[in-house]
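A.B. asks: give me coordinates for this.
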Amino acid sequence: MTMTPVEALLAAARRHGADHADAIFIRDESESALIRKGVPEGIERSESVALGLRVFRGKQAATVSTSVLNEAEFDRLAEQACAMALVIPEDQYAGLAESALQGRFDATGLDLECSASPSMDDLLARAREAEDTALSFAGITNTNGASAGHGRTSVALGTSAGFFGAYSRTAHSTSASVLAGEGATMQRDYAYRSAVHLEDLESPTVIGREAAERVLARINPGRPRTGTYSVIYDPRVSASLLGHLVGAINGAAIARGTSFLKDSLGKQILSAGLTVHDDPRRIRGAASRPFDAEGCAALPLDLIADGVLQTWLLDSRSGRQLNMPTNGRASRGVASPPSPSVTNLHLAAGTLSSEALRSDISEGILITELMGSSVNMLTGDYSRGASGFMIRNGEIAEPVAELTVAGNLKDMFARLVPGSDLMFRQSVNAPSIRIDGMNIAGL
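C.D. replies: Residues are numbered from 1 along each chain as shown. Predicted structure coming up:
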């Protein structure tokens, strides 16, 4: 039976003296079309193939990669990796994952592959429809264009300990970006959607309408007075708070002692009743996978339950450093060793609608866009540029821009209140999030 590139590379590593090894293969294929003012401005087709090998000689490890797929290159690559491993300092935490699966695995049951394969004409038509819809709104003065695309990513992973797995994931997307107003008052906004299956992707008309409505609402923004406000993070930006949480509970950061949550395991960090859940097995999930980058089972996991931090994000190396087992959260590219990360992550929805969430706010701010970042992961100090809308007497009022929102993430996590408007549109999702007592720098 003909060996796959991963299996052939592992065989080459054994021939050249590796005690243990793992190899990963990634193929990316994509097509996209960009329309601007009705004229095609970008038609792209791309395909990339990459293969990575990590070898262990005792507690010494080395990682190499290539984009050339032939047997001669595999031998050269394996020889290079084994020679490198001999001159690299020992790492007492290095090694394959002890709890890796055994046998052959695929993504059966996760429904990650769409059979639809739009032609370039189909993509152009979808982009044109999104842009035409946006431009049909009175007040839209220009366009950055609209795009549509689709792609497929194929992954294969194998280890010398007897694991081999392979799966593919498809993706379809549509976006539109338009401008409104003139001169110094001009504003820009966008809408974007992606889905594993084309049938789950919202229509180009919806995308175009959302882009136009969002930018028209932002014309002639003011600046709020500097002060302390109740703030609501729109779902477009609320997931960024989960991103900071993920960085703070990453096992590698905990092992280095570089997280403001390093002493918080088993402690209350969100309000009682709140849950943060990571699910690599979500059907048609944007980041679903049947196994992690070390061949360990990818299983659903509550990172926070009832407000209490349950675990760190762990691969096998960070787990050894912390004297804990991996929880199947390893990710990697072809040129780097595994590191902990999330898959399909979300903050569970609360019970309050977006209207109810702001109903008692006499003066506050709805944040719809964040820019820049000054986040100190050692202390949790948080400061970001933002724009959005004033909230007055529970209603969304005039647009505001050029403001800075600041606080401390540990305090922010303790005070956050989620709304009920959770939607699963990307790999990390959160509903609207209200946080009282945020510092705003404006006028």
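A.B. asks: mind checking pLDDT for Thr153?
C.D. replies: On pLDDT, Thr153 comes in at 98.
A.B. asks: which strand or helix spans it?
C.D. replies: strand 140-159 (DSSP states H and E).
A.B. asks: what's the answer for Phe25, then?
C.D. replies: Counting by DSSP H and E, Phe25 is found in strand 20-36.
A.B. asks: could you pull out the buried residues of that strand?
C.D. replies: Within strand 20-36, the residues scored as buried using 16 or more other Cβ atoms under 10 Å are 20-27, 29-36. (Each C-beta comes from the backbone N, C-alpha and C, glycine too.)
A.B. asks: show me what it is packed against.
C.D. replies: On a contact count with 3 or more Cβ pairs under 8 Å, 6 or more residues apart in numbering; DSSP states H and E, strand 20-36 meets helix 5-15, strand 39-57, helix 120-135, strand 140-159.
A.B. asks: same list (those) but as CSV, adding distance to Cys82 and mean neighbour count.
C.D. replies: Output for these, formatted as CSV (distance: least, Cβ to Cβ, whole Å; neighbours: other Cβ atoms under 10 Å):
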stretch, distance to Cys82, mean neighbour count
helix 5-15, 7, 21
strand 39-57, 5, 17
helix 120-135, 45, 21
strand 140-159, 16, 20
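A.B. asks: which stretch among the ones you listed comes nearest Arg434?
C.D. replies: helix 120-135 (30.3 Å; Cβ to Cβ).
A.B. asks: got the contact list for the closest one?
C.D. replies: 31-38, 40, 43, 118, 140, 143, 145-150, 174-176, 178, 203-205, 207-209, 211-212 (Cβ atoms under 8 Å, 6 or more residues apart in numbering).
A.B. asks: repeat that for 6 Å
C.D. replies: 33, 35, 143, 146-148, 174, 176, 178, 204-205, 207-209, 211-212 (Cβ atoms under 6 Å, 6 or more residues apart in numbering).
A.B. asks: do stretch 144-159 as well
C.D. replies: Applying Cβ under 6 Å, 6+ apart, the external contacts of stretch 144-159 come out as 6-7, 10, 22-30, 32-36, 96, 118, 123, 126-127, 130-131, 164-177, 295.
A.B. asks: over to stretch 414-431?
C.D. replies: Here stretch 414-431 makes contact (Cβ under 6 Å, 6+ apart) with 235, 238-239, 242, 286-287, 344-347, 349-354, 357, 432-436.
A.B. asks: what comes up buried for that stretch?
C.D. replies: Result for stretch 414-431 [16+ other Cβ under 10 Å]: buried residues 415-419, 421-422, 425-431.
A.B. asks: with secondary structure, distance to Leu443 and pLDDT as added columns, please give those in JSON lines.
C.D. replies: JSON lines is the format used below for the buried residues of stretch 414-431 (DSSP: H, G, I helix; E, B strand; the rest coil; distance: Cβ to Cβ, whole Å; pLDDT from 0 to 100):
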{"residue": "Arg415", "secondary structure": "helix", "distance to Leu443": "25", "pLDDT": "97"}
{"residue": "Leu416", "secondary structure": "coil", "distance to Leu443": "26", "pLDDT": "97"}
{"residue": "Val417", "secondary structure": "strand", "distance to Leu443": "27", "pLDDT": "98"}
{"residue": "Pro418", "secondary structure": "strand", "distance to Leu443": "30", "pLDDT": "98"}
{"residue": "Gly419", "secondary structure": "strand", "distance to Leu443": "28", "pLDDT": "98"}
{"residue": "Asp421", "secondary structure": "coil", "distance to Leu443": "30", "pLDDT": "97"}
{"residue": "Leu422", "secondary structure": "coil", "distance to Leu443": "34", "pLDDT": "98"}
{"residue": "Arg425", "secondary structure": "coil", "distance to Leu443": "34", "pLDDT": "93"}
{"residue": "Gln426", "secondary structure": "coil", "distance to Leu443": "34", "pLDDT": "95"}
{"residue": "Ser427", "secondary structure": "coil", "distance to Leu443": "37", "pLDDT": "97"}
{"residue": "Val428", "secondary structure": "strand", "distance to Leu443": "33", "pLDDT": "98"}
{"residue": "Asn429", "secondary structure": "strand", "distance to Leu443": "34", "pLDDT": "98"}
{"residue": "Ala430", "secondary structure": "coil", "distance to Leu443": "30", "pLDDT": "98"}
{"residue": "Pro431", "secondary structure": "coil", "distance to Leu443": "30", "pLDDT": "98"}
